[in-house]
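S.K.: build the 3D model from these lines:
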Amino acid sequence: MNDSATQAAIESVARNSYGRLIAYLAARAGNVADVEDALGDAFAEALKRWPTDGIPEKPEAWLLRVARNRMIDAARHHQVHEKSEEYLQQITEEAQTVATTHDQFPDERLKLLFVCAHPAIDPAARTPLMLQTVLHVDAARIASAFLVSPAAMSQRLVRAKSKIRDARIPFRVPDPPEWDERVSFVLDAIYSAYTTGWDSLAETSSTHHALAGDAIAIGRTLVQLMSGEPEAHGLLALMLHCEARRDARYASTGEYIPLDQQDTELWSRPMIDEAESLLRKAAGFRRMGRYQLEAAIQSIHAHRAVTGDIDWPEILLLYEGLVRLAPGIGSLVGRAVALAQTGQPAAAVAALDEIPEGRIADYQPYWASRGHVLRMLGQAKEAEKAFTRAASLTDDPALRAYLFGQLNC
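M.R.: Presented below is the predicted three-dimensional model:
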């Protein structure tokens, strides 16, 4: 097997198994950082040996065997008490047995998600920690998403992992009384992972692209586990509505296609139906939340496949509720766009102007939306400036080309 094929195989194993292996071992060892180091070494060893030895029939078992040896070597190097070494031997052998005898390795990522959302963890570190440990997003990408330096993010993550170890935070899904405090961070982490994958949608072979599928899988597990939590249903509905349009976002020749111009025949009807079912179930709890409102907005867009039209007044009403409940930059910009689409472009510009400058500097959708609204008002030069700035803020060449194309519309 050549190097590129080996690399692809290892990336596939990482996508499918990394989070499960980390969660399983960390839940028993209580030390996330050591487990990550050991598995990192195991993957590095795979890169050396698999090109000549071939891909093992049970890759998880192979990786666990190497990781076990690294963990035991580390324990000896640091002169850990003998019982600790024996315990590491026991839990890693147990994990390897499970990997060898079961068709699929157990999925305990939800336990790790809730550990990362524990009150003892710095709130600023919780979502980044979930993204790295559970979904294997690299620290540099996380730092970029959270607008901090890679060094600062690395320090934040190291401190959080040390807290898990030193405070002996239990690896378990919390009982219902603890849900309210931690579930919002879990939901946000899952959605952050999905949007990271969605932003890399054009890169269909990338690890980040696979995050969208991973996030949906964890979302499904969360709904099963927390069947009485409407926001879990709302989050999964939101992701499914977005994922349903995956094949329509880019033309076959690579051009970016905005949502209101997409061919609805390319949308996945089963995903849309599942999303609508989840929204109906969430509504039955009569406890509205951010993700339910966002999913409801996407539901109206999905209804264009039936009516051929977009009910912008209804979308505006939903954004009004979303801004009151969760006034994030995305909801504020979305509300402004809805104002413009309902015949109120001047009010839309005023709404955009009210957003603090510090929140819009690097937020590409703001500048794209501003260009759209200014063009509606006939302010061509100002619209051109906004579209140009929006184009400079995206790494997606197709989206950049689309934004530059708006300069001549």
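
S.K.: tell me which residues touch the closest residue to residue 355 other than its chain neighbours, please.
M.R.: In this structure, residue 355 finds its nearest non-sequential neighbour in residue 332, 5.4 Å apart by CB to CB, 6 or more residues apart in numbering. The C-beta positions use only the backbone N, C-alpha and C, and glycine is treated the same way. Residues counted as contacts of residue 332 (CB atoms under 8 Å, 6 or more residues apart in numbering) are 323, 351, 355.

S.K.: would the first one count as being in a helix?
M.R.: Yes. Following the definition DSSP: H, G, I helix; E, B strand; the rest coil, residue 323 is counted among the residues of a helix.

S.K.: ok, which stretches of the stretch 51-200 of the chain are strands?
M.R.: Counting by DSSP state E, counting those that start in this stretch, the stretch 51-200 of the chain has no strands at all.

S.K.: break down it into its helices, ranges please.
M.R.: 59-77, 82-101, 109-116, 123-133, 139-145, 150-166, 176-199 (DSSP state H, counting those that start in this stretch).

S.K.: between these, which has the poorest mean confidence score?
M.R.: With a mean of 63, helix 82-101 has the lowest mean pLDDT of those.

S.K.: so how far is residue 365 from the residue nearest to residue 355?
M.R.: To residue 365, residue 332 is 10 Å away according to CB to CB, to the nearest Å.

S.K.: returning to that earlier point: which ChimeraX command selects the buried ones in the contacts of residue 332?
M.R.: Here is the ChimeraX command that picks out the buried ones among the contacts of residue 332, judged by 16 or more other CB atoms under 10 Å:
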select :323,351,355
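
S.K.: enumerate every residue touching the nearest residue to residue 341 once chain neighbours are set aside.
M.R.: Leaving aside its chain neighbours, residue 341 sits nearest to residue 312 (4.2 Å; criterion: CB to CB, 6+ apart). When contacts are counted by CB under 8 Å, 6+ apart, residue 312 touches 338, 341-342.

S.K.: likewise residue 122?
M.R.: Neighbouring residues of residue 122 by CB under 8 Å, 6+ apart: 156, 159-160, 163.

S.K.: and of those, the nearest to residue 13?
M.R.: Nearest to residue 13 out of the contacts of residue 122 is residue 160 (CB to CB; 25.9 Å).

S.K.: let me know the helix or strand that residue 26 is in.
M.R.: Secondary structure assignment for residue 26, by DSSP states H and E: helix 3-29.

S.K.: list the helices and strands that helix packs on?
M.R.: Helices and strands touching helix 3-29, as assessed by 3 or more CB pairs under 8 Å, 6 or more residues apart in numbering; DSSP states H and E, comprise helix 32-53, helix 59-77, helix 82-101, helix 109-116, helix 123-133, helix 207-225.

S.K.: any weak-confidence spans in the stretch 251-400 of the chain?
M.R.: Low-confidence regions of the stretch 251-400 of the chain, defined here as pLDDT under 70, do not occur.

S.K.: surely residue 42 meets residue 66?
M.R.: Yes. Here residue 42 reaches residue 66: they are 4.0 Å apart, a contact under CB atoms under 8 Å.

S.K.: how close does residue 293 sit to residue 322?
M.R.: 4 Å.

S.K.: er, residue 16 I mean
M.R.: Per CB to CB, residue 16 is found 35 Å from residue 322.

S.K.: which of these two has more neighbours?
M.R.: More crowded of residue 16 and residue 322, by other CB atoms under 10 Å: residue 322, with 25 against 16.

S.K.: state the distance from that one to residue 307.
M.R.: Counting by CB to CB, the gap from residue 322 to residue 307 is 23 Å.

S.K.: repeat for residue 267
M.R.: Separation of residue 267 from residue 307 (CB to CB) stands at 14 Å.

S.K.: one more: residue 74?
M.R.: With distances taken as CB to CB, residue 74 is found 61 Å from residue 307.

S.K.: so for the two, which sits in the more crowded spot?
M.R.: Neighbour comparison, residue 74 and residue 307: the larger count goes to residue 74, with 17 against 9 (by other CB under 10 Å).

S.K.: would you mind giving the domain segments of the protein?
M.R.: Using automatic domain parsing, the domain parsing of the chain gives 1-105, 311-409.

S.K.: residue boundaries of the helices in the stretch 201-350 of the chain?
M.R.: Counting by DSSP H, counting those that start in this stretch, the stretch 201-350 of the chain has helices at residues 207-225, 230-243, 269-283, 290-302, 304-307, 312-325, 329-341, 345-353.
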